[in-house]
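Asker: Model the structure of this input:
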Amino acid sequence: MPKRSKKYTGARETYDRQTRHSPDDALGRVKDIAYAGFDESVDVATHLGVDPRRADQVVRGTVVLPHGTGKALRVLAICQGDKEDEAKEAGADFVGVEFVDKIKEGWLDFDVCVATPDLMRMVGPLGRILGPRGLMPTPKAGTVTPDVGRAIREIKAGKIEYRVDKTGNLHAPVGRVSFDVELLSENLRAFMASVLRAKPAAAKGTYVKSVTVSSTMGPGVPVDPNSFTRSA
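Answerer: Residues are numbered from 1 along each chain as shown. From the prediction side, this is the model:
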């Protein structure tokens, strides 16, 4: 185990880590014990009762958080013609096919990439660069689409993508410490509702095993999974 700072240890001692709190109570505690000198991200981690090694039990999806993440995402749109104007009007930060070559040269100053289907022949080879960084556009994430304007507006409004890791865990941002508890709670509930809808038919037994919220630097506070579903 890594050595924890005195501030982290002190924050962890202010609540019962064995108690599963209501979402509002847990998020309030996260805000109260946040100690970093910046506006930390508030994140959720949930452990699911699935076997990600089986293709029919992989959990992934997207959700538009009602109040966004508090982070301004830089969006790259790889498109051409009229779609370039559409992307610019929607708020894309970088637009054009010339960015394909820039990425090959090492440029990665963006957070999300959107591409039109007709240009995936150019974007496909970038998979070895973008894939490991989670930046590769995909149809399942809604980032390969002819409707680039809508995709960009959703991303700017707070759309996030999630995917279960090899240990059965999901991680996602649900806001910032500066957010009111009510806003954080609505974002968290929207995320969990999406995760529940994404439950694989092949998953058996308890689906949502645990839910924990934390700030970037702070300790995790357990949340009662039954707050989101009586069958969790």
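Asker: can you name the farthest residue from the center of this protein?
Answerer: Distance from the centre of the chain peaks at residue 81, with 30.8 Å (CA atoms, centre = their mean).
Asker: Against residue 201, how distant is that residue?
Answerer: Using CB to CB, to the nearest Å, one gets 41 Å for the distance from residue 81 to residue 201. The way it works is simple: take the backbone N, C-alpha and C, and place the C-beta from them, glycine included.
Asker: cool, and residue 145?
Answerer: 26 Å.
Asker: out of these two, which sits in the busier spot?
Answerer: residue 145 (17 against 7; other CB atoms under 10 Å).
Asker: which one is the more buried one nearest to, not counting chain neighbours?
Answerer: The shortest distance from residue 145 to any non-neighbouring residue, by CB to CB, 6 or more residues apart in numbering, is to residue 151 (5.2 Å).
Asker: repeat for residue 57
Answerer: Leaving aside its sequence neighbours, residue 57 is closest to residue 50 (4.2 Å, by CB to CB, 6+ apart).
Asker: Quick one: low-confidence residue ranges for this structure.
Answerer: 1-16, 230-232 (pLDDT under 70).
Asker: can we see that at 80?
Answerer: Applying pLDDT under 80 to the chain picks out residues 1-18, 229-232.
Asker: hmm, back to that, phi first, then psi, for the residue nearest to residue 145.
Answerer: phi -60, psi -40 (degrees, to the nearest 10).
Asker: And for residue 94, the neighbour number?
Answerer: Considering only other CB under 10 Å, residue 94 is surrounded by 18 other residues.
Asker: Okay, and the beta partners of it?
Answerer: On the basis of DSSP bridges, residue 94 takes part in beta bridges with residue 76.
Asker: For it, list the residues it contacts.
Answerer: Applying CB atoms under 8 Å, 6 or more residues apart in numbering to residue 94 gives the contacts 74-77, 110.
Asker: Nearest the middle, which residue of this structure would you pick?
Answerer: residue 172 (3.8 Å).
Asker: That residue looks like it's in a helix, true?
Answerer: No - Residue 172 sits outside any helix when classified using DSSP: H, G, I helix; E, B strand; the rest coil, being strand.
Asker: so the residue lying closest to it once chain neighbours are set aside is in which element?
Answerer: Leaving aside its sequence neighbours, residue 172 sits nearest to residue 162 (CB to CB, 6+ apart; 5.0 Å). Secondary-structure element containing residue 162, defined by DSSP states H and E: strand 159-163.
Asker: and that strand, which strands flank it?
Answerer: Sheet partners by DSSP bridges: for strand 159-163, these are strand 60-64 (antiparallel).
Asker: list the buried ones in the partner strand?
Answerer: In terms of neighbour count (16 or more other CB atoms under 10 Å), strand 60-64 has its buried residues at 61-63.
Asker: With stretch 24-35 instead?
Answerer: Going by neighbour count (16+ other CB under 10 Å), the buried part of stretch 24-35 is 25-31, 33-35.
Asker: State which helix of the chain is the longest.
Answerer: In terms of residue count, the longest helix belonging to the chain (DSSP state H) is helix 181-197.
Asker: how far does stretch 212-221 sit from the chain's center?
Answerer: 15 Å (CA atoms, centre = their mean, to the nearest Å).
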